[in-house]
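Asker: Just need the structure, nothing else, for what follows:
(2 chains)
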Amino acid sequence: MDTRLLVEDFSAWYGQTQAVKNVTLPVYASQVTAIIGPSGCGKSTFIRCLNRLHEVIPGTRTRGRVLLDGQNIYDDKVDPAEIRRRVGMVFQKPNPFPTMSIFDNVAAGLRVHGLPPGTTAEEVVEKSLKMVGLWDEVADRLQDSGVSLSGGQQQRLCIARALAVEPEVLLMDEPCSALDPVSTLKIEELIKGLKEKYTIVIVTHNMHQAARVADYTAFFLNGQLIEYGVTSDIFTNPRDQRTEDYITGRFG
Amino acid sequence: MQMPSPKSRRWGDSLFRGLTFLAALGMIGLVMVIAVQLIRGSQLAFTHFGLGFVTGSRWDPVHGAFGSLPLVYGTIVSSLIALLIAVPLSLGIAIYLAELAPHWVRTPVSFLVELLAAIPSVVYGLWGVFVLVPLVRTALEPFLQRTLGWLPFFQGTYYGFGMLAAGIILAIMIIPTISAVSREVLLAVPNSQREAMLALGATRWETIKMAVLPYGRSGILGAVILGLGRAIGETMAVTMVIGNRPQISPSVFELAQTIASIIANEFSEAFDELHLSALVMAGLVLFVVTLLLNILARLLVWRVARAPEGVTRE
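Answerer: Predicted structure coming up:
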């Protein structure tokens, strides 16, 4: 199986506090990889390092390498903005741009990067909205504000916005934590559908969600990667006692 | 601990509501009192000139001619020049302080900017007379005439004093207001908005332009209106540099006059009833101009805040 992202001996800090400790982990192409662990275990920080978003917070630093298709994204010559186009991200709370219409929200990235050759903005927006199953719901009101949608729709809009710039990897930082169960289910179905085209890394505090959507699961504790493997193995046959304690609900 | 009885708590609630209601009512009352007083004081001038007071372009106390159009013109144009200069500069300051500056720059510079707002306007006026006016006369006006002299705005004699100097001094005075308020507005933009844009592969500048500024636009507009309000009513510094000649000329090199500064200038020497009444009526005109501009600005903020269609604020 192809390795899309290879994280090598990676650490990240906020000031003096080390949030991620010497993590090494391969992320396989066209698979869903879930990162689980209790609050404050460094899982959100970890995926924010995969698109170099951690560094925009003042006082943070990182050490180690992250190879995207073999290229170290932390190399001095690499433009972080280009990395962030190739590695898209969806956040905990839906964050559409409130002053933009639904259409403009999806097209926001295109205004930065330009259109793929031979396409129009209308085509890209329609395709992206169809991919997230939102097209039928909003096709007749594309000029309405992005924040006029429900929470679940807003989150799918944000996913469409991320997909519009054609990333290779999609990072999702607890994308359902602010959503109701029905919207959560829709997003989970969507994730399963998207993995054919995209490599997905999803952070979740919901173990059942990881079990439902992920092919691989990594368990983080106190900034360290405790265990990583095929999801069914992690949940049915964990090798580490701490993993077992967590998934059986003894803490976390 | 002695717990208050439910009854006394309810009573305290209605007392509090009553008090705050009175405070709000007092505000409305104050505006009414000022309006009534201005209208009463300007009765004599109104019976004399009628609407000609607003449309007349000759203000000549010696011959008893009082037309306030040049004053309205001077007030609006000097304030517009001030906005033209102050808005881009203030936005630059606000963006730098809120988005880009390292922490050790942010605090002292923010403090200095706010300090500018605390300088009395007469001090600005003195600085204007001794530093700004000579500079405008010897450098800025000759430069403008050489480069843009084909425009009607930059023609005529260099006095130093005049509309341009007034506009510049007003700009300096409103920059602290606009930049401090805009900075607060930008700081209030949630980080999730910046990160949403950055995560699409936008650069810092693209993020500011496409996510941060649009999110804060109604607040920034509010800041500009606050600055405009200050510029329109500013009296002392303007009086000292504008030249105090009530006339309408397209050239910003020309001497001019504003409503606020003519009241300050002539009030102590206005001995006949009609002159006094005309000054009060000028005050009424200023009151109305300010009111109209504020209504216009409100409408603008309201329009900007609700677009695009169907917006529900977060």
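Asker: in chain B, what spans have low per-residue confidence?
Answerer: Scanning chain B for pLDDT under 70 picks out the ranges B:1-3, B:305-314.
Asker: Tell me where the longest helix sits in it.
Answerer: helix B:6-41 (DSSP state H).
Asker: which strands and helices sit next to it?
Answerer: helix B:273-306 (3 or more Cβ pairs under 8 Å, 6 or more residues apart in numbering or on different chains; DSSP states H and E). For the C-beta atoms, the positions are set from N, CA and C on the backbone; glycine is no exception.
Asker: list the buried ones in the helix it packs on?
Answerer: B:275-287, B:289-290, B:293, B:297, B:301 (16 or more other Cβ atoms under 10 Å in any protein chain shown).
Asker: Can it be said to contact chain A?
Answerer: No: figure legend: helix B:273-306 not in contact with chain A (Cβ under 8 Å from any Cβ of the partner chain); closest approach 8.7 Å.
Asker: now that helix, how far from the chain's geometric center?
Answerer: Mean-position distance between helix B:273-306 and its chain equals 12 Å (Cα atoms, centre = their mean, to the nearest Å).
Asker: C-terminal to the longest helix of chain B, what's the next element?
Answerer: helix B:43-49 (DSSP states H and E).
Asker: Pull up the residues of the stretch 151-300 of chain B that are close to chain A.
Answerer: Residues of the stretch 151-300 of chain B lying near chain A (Cβ under 8 Å from any Cβ): B:190, B:192-203, B:206, B:210-211, B:214-215, B:217.
Asker: Return the members of those residues classed as buried.
Answerer: The neighbour count (16+ other Cβ under 10 Å) marks B:193-202, B:206, B:210-211, B:214-215, B:217 as buried among those.
Asker: Then A:Ala34 would be within a helix, right?
Answerer: No: according to DSSP: H, G, I helix; E, B strand; the rest coil, A:Ala34 belongs to no helix; its state is strand.
Asker: what's across from it in the sheet?
Answerer: Listed beta-bridge partners, A:Ala34: A:Ile202, A:Thr217 (assigned using DSSP bridges).
Asker: can you tell me how far it sits from chain B?
Answerer: 20 Å (Cβ to the nearest Cβ, to the nearest Å).
Asker: do A:Asp136 as well
Answerer: A:Asp136 is 18 Å from chain B, where distance means Cβ to the nearest Cβ.
Asker: centroid residue for the chain?
Answerer: In the absence of a named chain, chain A is used. A:Leu171 (1.5 Å; Cα atoms, centre = their mean).
Asker: wait, I meant chain B there
Answerer: Centre-most residue of chain B, counting by Cα atoms, centre = their mean: B:Leu228, 2.1 Å.
Asker: What strand or helix carries that one?
Answerer: Here B:Leu228 is assigned to helix B:217-233, by DSSP H and E.
Asker: likewise A:Ala12?
Answerer: strand A:3-14.
Asker: what lines up beside that strand in the sheet?
Answerer: Strand A:3-14 is paired, per DSSP bridges, with strand A:17-28 (antiparallel), strand A:60-68 (antiparallel).
Asker: ok so A:Cys176 is a helix residue?
Answerer: No: counting by three-state DSSP, A:Cys176 is not part of a helix but coil.
Asker: In contact with the nearest residue to it once chain neighbours are set aside, which residues are there?
Answerer: Spatial nearest neighbour of A:Cys176, excluding adjacent residues (Cβ to Cβ, 6 or more residues apart in numbering or on different chains): A:Thr184 at 4.1 Å. Taking Cβ atoms under 8 Å, 6 or more residues apart in numbering or on different chains as the contact definition, A:Thr184 lies against A:Gly152, A:Cys176, A:Gln209.
Asker: Grab the nearest non-local neighbour of whatever residue of chain A ends up closest to chain B.
Answerer: Nearest residue of chain A to chain B (Cβ to the nearest Cβ) works out as A:Arg85 at 3.1 Å. Spatially, and ignoring its direct neighbours in sequence, A:Arg85 is nearest to B:Gly201 (3.1 Å; Cβ to Cβ, 6+ apart).
Asker: Appreciated, that's everything.
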